[in-house]
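*Asks:* starting from these lines, generate the structure:
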Amino acid sequence: MTYGLTSEMHFKAEETGIFVYPLKGTGEILSVCSKALNILHPDQHLVPVVKAQSRMTSLSLSLPERFSDSKNKKLSLRRGDKVHFYGSRMRINDLEIDLAVGRVWRSALLPKDVEGLSIAKPSLLKNTLLEEGKGSGFLGCLGAKAVGSIFERKASEILDGLGKRGRGVQELKGLSQLVGLGVGFTPSGDDFIAGALIGEKMLELISNDQVRMSPLSIDKREIRAVLKRTNHSGRTLLWQAFRGHFPYYMIEAARGLARAREPDEVMGVVSNASNHGETSGTDALVGMCWYLEASAERERRA
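*Replies:* Residues are numbered from 1 along each chain as shown. Below you'll find the model as predicted:
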């Protein structure tokens, strides 16, 4: 598959992730597909060139539609082609991309994004996920449905055996066992962990005066220590999540859940996220739901 380019080999990025501009060094094209051109940076993180804001991350950039206009002259971009990062610009063969213009996608939640979150929302999200979520990933980890694949069964066993330490803010240990677990462009275990991390971020941003949930502190050191277990996509996702940055669709899901007042609105959140990847969107919501539900249950028992 090729990307079509006009005879003008200079493009300006319409939107650039906040971590793209500082990149330096020479990477290469890892894969070319209809929705993204995936570049592997020498630090082993993926830098996707995408067409839609809905696919943005803090390490991706979007280009104008004419970049992929098949009516224009074509330049074949293939796996293995070298990609040179110069900070404010990026070069692939005869193509130069200006990164210093356009919007900057910061990919971070703000306190205003989680206004409206309540202790009832996790249960509402869980019920909607069990009805509408894609079932070939980690959906069974929420219970109430038969656990399917060997990966899902393993994940359920891991979650049942997690350790929690501390009388105040409890430390949640053991999620590192999910790193790289599952199949897909991003393994389901990595999506689940990213979902749990955005759940943790949601509770960090909202005070206990607004919502009574007792946050669990995820042990991130143990997860970082085993990132070699997973693929480039999973490692990139978690690297960003550790820094409080998440893909566009996850940010929108967190915002949507916080402001939802009716079950139909939560259904919309699940439907939109489930369209991301094969099961990535559902798995991330499962992780978010699992974390928020565990925190809400801890508050009820306090």
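
*Asks:* C-alpha only now, for contacts and for neighbours.
*Replies:* OK.

*Asks:* need the contact list for the closest residue in space to residue 236 that isn't next to it in sequence.
*Replies:* Residue nearest to residue 236 in three dimensions, not counting chain neighbours: residue 45, with 5.1 Å by CA to CA, 6 or more residues apart in numbering. Taking CA atoms under 8 Å, 6 or more residues apart in numbering as the contact definition, residue 45 lies against 232-233, 235-236.

*Asks:* most neighbours among those residues, which one?
*Replies:* Tallying neighbours with other CA atoms under 10 Å puts residue 235 at the head of these, with 24 neighbours.

*Asks:* against residue 43, how distant is it?
*Replies:* 11 Å (CA to CA, to the nearest Å).

*Asks:* hang on, the earlier thing: so how far is residue 187 from the residue nearest to residue 236?
*Replies:* 15 Å.

*Asks:* where does the stretch 51-200 of the chain dip in pLDDT?
*Replies:* Across the stretch 51-200 of the chain, the ranges flagged by pLDDT under 70 are 66-75, 144-147, 163-169.

*Asks:* go again with 50.
*Replies:* Within the stretch 51-200 of the chain, the ranges that satisfy pLDDT under 50 run 70-73, 166.

*Asks:* could I get the full set of helices for it?
*Replies:* 121-132, 150-160, 188-205 (DSSP state H, counting those that start in this stretch).

*Asks:* which parts of the shortest one are buried?
*Replies:* Spelled out, it's helix 150-160. For helix 150-160, burial by neighbour count (16 or more other CA atoms under 10 Å) applies to 151-152, 154-156, 158-159.

*Asks:* before we move on, what about the longest one?
*Replies:* The neighbour-count check on helix 188-205 (16+ other CA under 10 Å) flags 188-203 as buried.

*Asks:* now swap in the first one and tell me
*Replies:* Counting neighbours by 16+ other CA under 10 Å, one finds that the buried residues in helix 121-132 are 121-122, 124-130.

*Asks:* for this structure, which helix extends over the most residues?
*Replies:* Criterion DSSP state H: the longest helix present in the chain is helix 280-301.

*Asks:* distance between that helix and the chain's centre?
*Replies:* Offset of helix 280-301 from its chain centre (CA atoms, centre = their mean, to the nearest Å): 16 Å.

*Asks:* stretch 29-48 too?
*Replies:* Centre-to-centre, stretch 29-48 and its host chain are 15 Å apart (CA atoms, centre = their mean).

*Asks:* using PDB, write out every CA atom in that stretch.
*Replies:* Below are the C-alpha coordinates for stretch 29-48, written out as PDB (Å, rounded to 0.1, in the frame of the first residue of the first chain):
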ATOM      1  CA  ILE A  29       8.600   3.400   8.600                       C
ATOM      2  CA  LEU A  30       7.300   0.400  10.500                       C
ATOM      3  CA  SER A  31       4.000  -0.100   8.700                       C
ATOM      4  CA  VAL A  32       1.700   1.700   6.200                       C
ATOM      5  CA  CYS A  33      -2.000   1.200   6.400                       C
ATOM      6  CA  SER A  34      -5.100   3.100   5.300                       C
ATOM      7  CA  LYS A  35      -5.500   4.900   8.700                       C
ATOM      8  CA  ALA A  36      -1.900   5.600   9.700                       C
ATOM      9  CA  LEU A  37       1.700   5.700   8.600                       C
ATOM     10  CA  ASN A  38       3.500   4.200  11.600                       C
ATOM     11  CA  ILE A  39       7.100   5.400  12.200                       C
ATOM     12  CA  LEU A  40       9.400   3.800  14.600                       C
ATOM     13  CA  HIS A  41      11.600   6.400  16.400                       C
ATOM     14  CA  PRO A  42      15.100   5.200  17.500                       C
ATOM     15  CA  ASP A  43      13.900   5.300  21.100                       C
ATOM     16  CA  GLN A  44      11.500   2.500  20.100                       C
ATOM     17  CA  HIS A  45       8.300   4.500  20.300                       C
ATOM     18  CA  LEU A  46       5.800   4.800  17.500                       C
ATOM     19  CA  VAL A  47       5.100   8.100  15.800                       C
ATOM     20  CA  PRO A  48       1.900   7.700  13.800                       C
END
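
*Asks:* what mean pLDDT does that stretch get?
*Replies:* Confidence over stretch 29-48 (mean pLDDT, whole number) is 92.

*Asks:* any buried residues in that stretch, and which?
*Replies:* Under 16+ other CA under 10 Å, the buried positions of stretch 29-48 are 29-32, 36-41, 45-48.

*Asks:* hang on, the earlier thing: mind checking which of the helices of the stretch 51-200 of the chain is nearest residue 258?
*Replies:* helix 121-132 (7.7 Å; CA to CA).
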